[in-house]
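Peer 1: Predicted model, plus sequence, below.
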Amino acid sequence: MRRLRRSRRARFLVHTSTLKAPIPMTAEITFTAGKAEIAYTGDTPWWGGGQKLPLGASHQEWLDAAGMAWTIASDLVRFRAPDGTLLTDPSHVVQFRSDTFAPLGVVGPKFQTVQPREILEYFNNLAHDAGFQLTTAGTLFGGRKFWGQAENGAAAAVLDPRDQVKSHLLLATACDGSMSTVAKFVNTRVVCNNTLTLALGENGKQVKVSHKTQFNADFVNEALGLRAKEQFAVAMERFRAMATARVSPGAMVRATLELYEPQASELDEAGVIKALQGRQIGKILNQDLIGKDLDGGAGTVWAWLNAVTQYIDHDNGARTIDRRFQTALFGAGEATKIAADRLADQLLVGPLPPLAISNDAALNVALA
């Protein structure tokens with residue numbers, strides 16, 4: 001088996017001070033009249049686009065800047081028969097934008113639509129009632145999916161004072177039936193803008209509202225409990241435990257393989273080698289990880305978790321930065337981050353089941 005040269009092993013999770021430059025947004029983030037339907041406060045987000053608003057911007061300013069001032073209208077689906085007769089399908093309605101009349105999707109007549117302005121109204125009320133500050137809002141896929149994100153000032157250091165994590169509340173929905181309305185707490189590692197999606201249960205909370213029922217802000221607040229600071233404190237204790245738990249590069253390879261091959265321990269040697277040669281595993285292990293020079297930022301479970309999240313958020317090979325944005329918050333990338341969070345918990349208590357080859361041999365294959 002090919003041996004890994006020392007110089008190559010030395011590049012494992014090396015530090016870099018800058019992210020890749022933003023690339024043009026084209027598909028997922030909505031553009032209307034040449035303007036991205038995204039607004040934000042503070043520093044320019046990692047996707048690099050949108051309208052910047054000052055802190056304390058009004059509800060209407062957010063609606064206009066985020067491109068969410070329109071409403072979702074609907075009408076029965078109509079179609080033309082071969083003889084030219086115009087027919088109506090009473091079992092389906094088409095949703096469309098009130099400003100451009102662009103179609104947004106076909107749903108059943110009992111579908112309970114959440115309007116874009118309702119997302120921002122939710123956070124506007126939270127700003128008064130619970131001290132949350134809206135930080136980001138926008139739409140995806142021409143307006144079929146839209147979201148808002150707010151913070152309430154919860155922030156803390158992991159081990160190093162420079163290694164800060166912030167807590168956010170995310171509310172997202174879609175009007176084409178592709179997702180329920182979802183509210184959940186998420187955390188962001190400031191040094192690299194990685195979004196850390198927690199596995200739900202004792203470590204986090206998520207509320208889903210089906211489009212079979214009408215969106216009710218009071219229900220969401222009660223279900224969440226809005227105990228953001230308490231939940232954030234629990235998350236930070238876990239992150240600190242990860243930052244003090246040392247793991248070998250071979251153990252990191254084993255955990256990364258488990259993300260993409262959950263039954264890896266059942267593979268024979270040839271199967272393990274084939275799985276290790278997948279593009280994602282090598283990319284994650286060769287990650288130029290920001291924060292390696294921080295206390296707990298290298299050679300730990302925390303370092304491995306952030307290697308995974310940085311790959312998903314910034315370096316997953318998607319052609320456009322808006323595609324990375326979509327998958328990181330709502331798509332397959334989010335599911336992978338949840339799986340990584342669960343694996344991080346397993347690494348805290350002991351090694352994962354062994355492979356048909358040693359972890360060191362697996363490392364050589366993965367980085368070859």
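Peer 2: Looks like it arrived, so ask away.

Peer 1: Show me the strands in the stretch 101-250 of the chain, by range?
Peer 2: 103-107, 133-140, 145-151, 155-157, 164-174, 181-189, 194-196, 206-209 (DSSP state E, counting those that start in this stretch).

Peer 1: Pull the contacting residues for residue 336.
Peer 2: Neighbour list for residue 336: 259, 308, 312 [criterion: Cβ atoms under 8 Å, 6 or more residues apart in numbering]. (C-beta placed from N, C-alpha, C; glycine too.)

Peer 1: Mind picking the lowest-pLDDT entry from the residues you listed?
Peer 2: For those, the weakest pLDDT value sits at residue 312, with 82.

Peer 1: Compare the strands of the stretch 101-250 of the chain and report which one is nearest to residue 57.
Peer 2: When the strands of the stretch 101-250 of the chain are compared by Cβ to Cβ, strand 133-140 sits nearest residue 57, at 8.1 Å.

Peer 1: Could you give me the buried positions within the closest one?
Peer 2: Within strand 133-140, the residues scored as buried using 16 or more other Cβ atoms under 10 Å are 134-140.

Peer 1: Give the other helices and strands that it contacts.
Peer 2: strand 38-40, helix 116-129, strand 145-151 (3 or more Cβ pairs under 8 Å, 6 or more residues apart in numbering; DSSP states H and E).

Peer 1: shaky segments in the stretch 201-350 of the chain?
Peer 2: By pLDDT under 70, the low-scoring segments of the stretch 201-350 of the chain are 201-205, 226-228, 279, 288-289, 316-331.

Peer 1: can you pull out the helices in it?
Peer 2: Using DSSP state H, counting those that start in this stretch, the helices found in the stretch 201-350 of the chain span residues 217-224, 228-244, 249-260, 269-276, 279-285, 301-314, 321-329, 332-349.

Peer 1: JSON lines please, covering these and showing distance to residue 113.
Peer 2: Output for the helices of the stretch 201-350 of the chain, formatted as JSON lines (distance: least, Cβ to Cβ, whole Å):
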{"stretch": "helix 217-224", "distance to residue 113": "15"}
{"stretch": "helix 228-244", "distance to residue 113": "28"}
{"stretch": "helix 249-260", "distance to residue 113": "36"}
{"stretch": "helix 269-276", "distance to residue 113": "43"}
{"stretch": "helix 279-285", "distance to residue 113": "37"}
{"stretch": "helix 301-314", "distance to residue 113": "30"}
{"stretch": "helix 321-329", "distance to residue 113": "21"}
{"stretch": "helix 332-349", "distance to residue 113": "24"}
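
Peer 1: and among those, the most buried is which?
Peer 2: Neighbour counts (mean count of other Cβ atoms under 10 Å) averaged over each of the helices of the stretch 201-350 of the chain peak at helix 301-314, with a mean of 26.

Peer 1: Just the C-alpha atoms of it, please, in CSV.
Peer 2: The C-alpha trace of helix 301-314 is given here as CSV (Å, rounded to 0.1, in the frame of the first residue of the first chain):
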residue,chain,number,x,y,z
VAL,A,301,-13.0,16.4,18.0
TRP,A,302,-13.8,20.1,17.7
ALA,A,303,-11.3,20.4,14.9
TRP,A,304,-12.8,17.4,13.0
LEU,A,305,-16.3,18.8,13.3
ASN,A,306,-15.2,22.1,11.9
ALA,A,307,-13.4,20.4,9.1
VAL,A,308,-16.6,18.8,8.1
THR,A,309,-18.7,22.0,8.4
GLN,A,310,-16.1,24.1,6.6
TYR,A,311,-16.2,21.7,3.7
ILE,A,312,-20.0,21.7,3.5
ASP,A,313,-20.3,25.5,3.9
HIS,A,314,-17.4,26.7,1.8
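
Peer 1: list the helices and strands it packs on?
Peer 2: Where contact means 3+ Cβ pairs under 8 Å, 6+ apart, helix 301-314 is packed against strand 194-196, helix 228-244, helix 249-260, helix 279-285, helix 321-329, helix 332-349.

Peer 1: roughly how far is the fourth one from the heart of the chain?
Peer 2: In terms of Cα atoms, centre = their mean, to the nearest Å, the gap separating the centre of helix 279-285 from the centre of its chain is 19 Å.

Peer 1: for it, packing partners?
Peer 2: Going by 3+ Cβ pairs under 8 Å, 6+ apart, helix 279-285 lies up against helix 249-260, helix 301-314, helix 359-367.

Peer 1: Can you check which of those helices gets nearest to residue 68?
Peer 2: helix 301-314 (23.7 Å).

Peer 1: any idea how far residue 347 is from residue 335?
Peer 2: Note on residue 347: its distance to residue 335, by Cβ to Cβ, to the nearest Å, is 19 Å.

Peer 1: Figure out the helix or strand that residue 95 lives in.
Peer 2: Following DSSP states H and E, one finds residue 95 within strand 86-97.

Peer 1: relative orientation of that strand and strand 103-107 in degrees?
Peer 2: 120 degrees (axes from the mean of the first three to the mean of the last three Cα atoms, to 10 degrees).

Peer 1: Please name the strands paired to strand 86-97 in the sheet, noting orientation.
Peer 2: strand 72-80 (antiparallel), strand 103-107 (antiparallel) (DSSP bridges).
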